[in-house]
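*Asks:* this is a predicted model, with the sequence first.
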Amino acid sequence: MANIGFIGLGIMGKPMASHLIRGGHQLFLHSRSGVPESLIEQGGRACSSPKEVAQHADIIILMLPDTSDVEKVLFAHNGVAEGLRKLTAKKIIIDMSSISPIETKKFAARINQLGCDYADAPVSGGDVGAQNATLTIMVGASENVFEQIEPILALMGQTITLVGDNGAGQICKIANQIVVALTIEAVGEALVFASKAGANPIKIQQALMGGFASSRVLEVHGNRMIKHSFDPGFRIELQQKDLAIALSCASDLGVSLPNTATTQSLYNACIAQGGAKWDNSAIVRILEKLANHQMVDSDPC
C-alpha cells in the first residue's frame, strides 16, 4: 500500500482516485470544489491544501484543467512545493493534466531542485476511460521513475507508454488531441452531410462502423451528436485549450497545422454560443448552423 495524494477531483479525477483506493492505497485528497463524499466513504482522507497532501503522500498526482492551475497548485502559497521542504525521503509528483510541454519542463526542474522526481503523464480516453480504468497514459519521465509509478498508473489506465523524458508525455498528448479533435470534427461533418442529404444518421453511423472509417470517436461522439447529448464528457473549453497549446507550440517550431487551426475556430464559435461547458462533440451544433440543418435520430420518412 502506498500513500498517494490526488489533487483535482472533477469528471476525470474522481473516478481515477476511486480506482486507486480500490487498489488498496491510502489516498490524501484535495480539490478546489471540495472532496466528493463518495471518496471519503471509500476511505479517502480530505486535506485542506495541496501542501497538506504533499506532507502526507509519497506520490502526489495532479489532474487539473490548465497550465496555470498546475503552477498554482505546485508553487503558490500552501502549494505542493511547500509540503516537499525538509524531506527525509524523495517523493514523486505525477502531473496527469494536459498542459504546456514547455512549462512542464520548467515545473519538473523546480521540483527536482527540491530533491523530488517529476513525471508528466497526461491521459486520453475521456470520462468513459476514467470510469472504466481504460485510459491511455503517455508518460514523460526517467526510466527509473517510470518503473516506480507504472503499477500505480496501471490501476487507472490500460495502455501506458514511456514516451521520453519530462515534457515528452505532454508533446504526445498534443499530438493525440490534434487527431481526436480533427476526427470529431470530421465525424460531425459526415453526419450532418448525410442527414441533410436525406439519410438516417443512425444507419450511416452503423454502416461506417463496419468499414475503414470506424473509430471510437465515430462510435462514442457520433452517438452523442445524433442524440444531441452534450453533457460533459470532455468540455469544449478544455479541447479549445489543448488546441491552443498545439498551435502555440507549432508556431514556435515553425510547423503549419492548418486543419487544427480551422477546427479550433469552430470550437471558438461553440464557446461564443455559450457552449464552453458542452461536451466536445457539440462542435456538431456549429456545423448544423452552417448547414442550416439539424439532425434527427430517426428515418426521415
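*Replies:* Arrived safely, thanks for sending. Numbers count the residues shown, from 1 in each chain.
*Asks:* give me the residues contacting stretch 78-86.
*Replies:* 7, 49-55, 60, 62, 72-75, 91, 93, 110-111, 114-116 (CB atoms under 8 Å, 6 or more residues apart in numbering). For glycine as for every other residue, the C-beta is placed from the backbone atoms N, C-alpha and C.
*Asks:* show me which of those are buried.
*Replies:* 7, 49-55, 60, 62, 73-74, 91, 93, 111, 114, 116 (16 or more other CB atoms under 10 Å).
*Asks:* now, those residues that are in helices?
*Replies:* 50, 51, 52, 53, 54, 55, 73, 74, 111 (DSSP state H).
*Asks:* low-confidence stretches in this protein?
*Replies:* 297-301 (pLDDT under 70).
*Asks:* now with 80, please.
*Replies:* 86-88, 232-233, 297-301 (pLDDT under 80).
*Asks:* could I get the full set of strands for it?
*Replies:* 3-7, 26-30, 45-46, 59-62, 92-95, 117-120, 123-124, 135-140, 157-164 (DSSP state E).
*Asks:* as TSV, these with distance to residue 253 would be great.
*Replies:* Supplementary listing: those in TSV, determined by distance: least, CB to CB, whole Å:
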stretch	distance to residue 253
strand 3-7	31
strand 26-30	36
strand 45-46	42
strand 59-62	26
strand 92-95	22
strand 117-120	18
strand 123-124	22
strand 135-140	17
strand 157-164	16
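*Asks:* which stretch among those comes nearest residue 234?
*Replies:* Among the strands of the chain, strand 123-124 comes nearest to residue 234, with 9.7 Å by CB to CB.
*Asks:* buried set for the longest helix anywhere in the chain?
*Replies:* What stands out as the longest helix in the chain, according to DSSP H, is helix 168-196. For helix 168-196, a neighbour-count test (16+ other CB under 10 Å) marks 168-174, 176-178, 180-188, 190-192, 194-195 as buried.
*Asks:* ditto for stretch 277-295
*Replies:* So stretch 277-295, judged by 16+ other CB under 10 Å, has buried residues 278, 279, 280, 281, 282, 283, 284, 285, 286, 287, 288, 295.
*Asks:* quick revisit: and the ones in helices among the buried ones among the contacts of stretch 78-86, which two are furthest apart?
*Replies:* Top of the distance list for these (CB to CB): 52 and 111, 17.6 Å.
*Asks:* one step back: nearest to residue 242, of the strands of the chain?
*Replies:* Between those, strand 123-124 lies closest to residue 242; by CB to CB that is 10.6 Å.
*Asks:* lovely, talk soon.
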